[in-house]
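Undergrad: with the input below, show me the fold.
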Amino acid sequence: MISGLRKFLFGAGPGEHLPDDVKAALAAWQESDAGALESSHFMTRYVVVDIATDGQNPDSDRITGIAATLVHQGVVSPEQSIFVDLAGSTVDDATVDRQLAAFLRFVGKSPLVSYHVAYVSGFLQQLLKKRLGIGFAPRWVDLTWLLPAMFGETSHKPMPLDDWLVAFGLDVGEGRRSPTANSLALARLLQMTIVRAHAKGVDTVDQLIDESKASSHLRRTH
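TA: Below is the predicted model:
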């Protein structure tokens, strides 16, 4: 039953064209434990993800970079981060596939956090399906909707990410931020959101995901 659910969520298996080491890494990732949704925030390994793209359409444009940063036990760990550079036109297919496998190994089955999840997940799903032949359906927390739910005194509706950073006194920087800088900024926001969520009695992963979804529905329909 569990094996069948994993196949439904994460695909039947890696593509046959892949190098053996990549297929082995993907098989291990697919069989890895997703963890309990009832886990407290302190015990949960959250991974904050951001991407860079050359356009807005996942069907026709491509990802040029993926960054991910770990937040565990309430601590942001910049040294526990990963960046996948996909901008180079000379990188061979096997290298790209190994980089993507390394990304999956880093995120595991942890709940993922981002800003505008539909955009980020759409690109990641397309890329991982095309390159590695796998489905990618992690548990997502969308800070776009969760922040106004947790910090209504600042804004009852979604704001541009930079506005949230300014509101919390975080460094916005100058010009366009890299995916790595963005993932670190989002990790700081998640850190503060978890503290506020605990104060509101939102104590587990599934409650945080539900709060994000409920906020999205409420603010989209009102």
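
Undergrad: buried residues, the longest helix anywhere in the chain. List them.
TA: Taking DSSP state H as the criterion, the chain has its longest helix at helix 179-199. By 16 or more other C-beta atoms under 10 Å, the buried positions in helix 179-199 come out as 179-180, 182-191, 193-194, 197. Glycine gets a C-beta too; all of them are placed from N, C-alpha and C.

Undergrad: could you dump it to CSV, C-alpha only?
TA: Below are the C-alpha coordinates for helix 179-199, written out as CSV (Å, rounded to 0.1, in the frame of the first residue of the first chain):
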residue,chain,number,x,y,z
PRO,A,179,17.9,32.1,-5.8
THR,A,180,20.3,31.4,-2.9
ALA,A,181,19.8,34.8,-1.4
ASN,A,182,16.0,34.5,-1.9
SER,A,183,15.9,31.1,-0.2
LEU,A,184,17.8,32.4,2.8
ALA,A,185,15.4,35.4,3.0
LEU,A,186,12.5,33.1,2.9
ALA,A,187,14.0,30.8,5.5
ARG,A,188,14.2,33.8,7.9
LEU,A,189,10.5,34.5,7.2
LEU,A,190,9.7,30.9,7.8
GLN,A,191,11.6,31.0,11.1
MET,A,192,9.5,33.9,12.3
THR,A,193,6.3,32.4,10.9
ILE,A,194,6.9,29.1,12.9
VAL,A,195,7.2,31.1,16.1
ARG,A,196,3.9,33.0,15.4
ALA,A,197,2.2,29.8,14.3
HIS,A,198,3.1,28.1,17.6
ALA,A,199,1.7,31.1,19.5
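
Undergrad: what's the first helix or strand after that helix?
TA: As assigned by DSSP states H and E, the chain's next helix or strand after helix 179-199 is helix 205-221.

Undergrad: buried residues in that following helix, which are they?
TA: Neighbour-count burial for helix 205-221 flags Val205, Gln207, Leu208, Ile209, Glu211, Ser212, Ser215, Ser216 (criterion: 16+ other C-beta under 10 Å).

Undergrad: mind checking how far the fourth one is from Val117?
TA: Read that as Ile209. Between Ile209 and Val117 the distance is 11 Å, computed by C-beta to C-beta, to the nearest Å.

Undergrad: shared neighbours of those two, anything?
TA: Trp140, Val141 (C-beta atoms under 8 Å, 6 or more residues apart in numbering).

Undergrad: quick revisit: mind giving me the packing neighbours of the longest helix of the chain?
TA: In terms of contacts (3 or more C-beta pairs under 8 Å, 6 or more residues apart in numbering; DSSP states H and E), helix 179-199 is packed against strand 45-53, strand 63-72, strand 75-85, strand 112-114, helix 143-150, helix 161-167, helix 205-221.

Undergrad: distance from the fifth one to the middle of the chain?
TA: Just to be clear, that refers to helix 143-150. Centre-to-centre, helix 143-150 and its host chain are 15 Å apart (C-alpha atoms, centre = their mean, to the nearest Å).
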